[in-house]
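Novice: Sequence first, then the predicted structure, then my questions.
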Amino acid sequence: MFTGLYVKAKLCTENFINDRRGVTAIEYAIIGVAISAIVLVVFSGEENSLESALKGAVSTISGNISKAN
């Protein structure tokens, strides 16, 4: 009886220790956080950021459309 429980416990712990899916999930989470941080820096509210460039382009385009009417 105890031998059977020992064998089952040993098999369960070996499968748990050799399972690398959790490690892969943590690696993907770290990569996701790094990409999020990069996107946050790119779209930050500084004057020479991508956000201000896009706002300027949209205002220029909308100004040209309203002049054309």
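Specialist: Here it is on my side, so go on. Numbers count the residues shown, from 1 in each chain.
Novice: So which residues of the chain form helices?
Specialist: Assigned by DSSP state H, the chain shows helices spanning 2-18, 21-42, 50-68.
Novice: now the last one: how far from the chain's centre is it?
Specialist: What it means is helix 50-68. Remark: helix 50-68 is offset 30 Å from the chain centroid, using C-alpha atoms, centre = their mean, to the nearest Å.
Novice: same thing with stretch 59-69?
Specialist: The chain centroid and the centroid of stretch 59-69 are separated by 37 Å, computed with C-alpha atoms, centre = their mean.
Novice: Could I have the CA atoms of that stretch written out in CSV?
Specialist: The C-alpha trace of stretch 59-69 is given here as CSV (Å, rounded to 0.1, in the frame of the first residue of the first chain):
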residue,chain,number,x,y,z
SER,A,59,-4.9,68.4,-37.9
THR,A,60,-3.1,69.2,-41.1
ILE,A,61,-5.2,66.7,-43.0
SER,A,62,-8.4,67.9,-41.5
GLY,A,63,-7.4,71.5,-42.2
ASN,A,64,-6.8,70.7,-45.9
ILE,A,65,-10.1,68.9,-46.1
SER,A,66,-12.0,71.8,-44.7
LYS,A,67,-10.2,74.3,-47.1
ALA,A,68,-11.1,72.1,-50.0
ASN,A,69,-14.8,72.4,-49.2
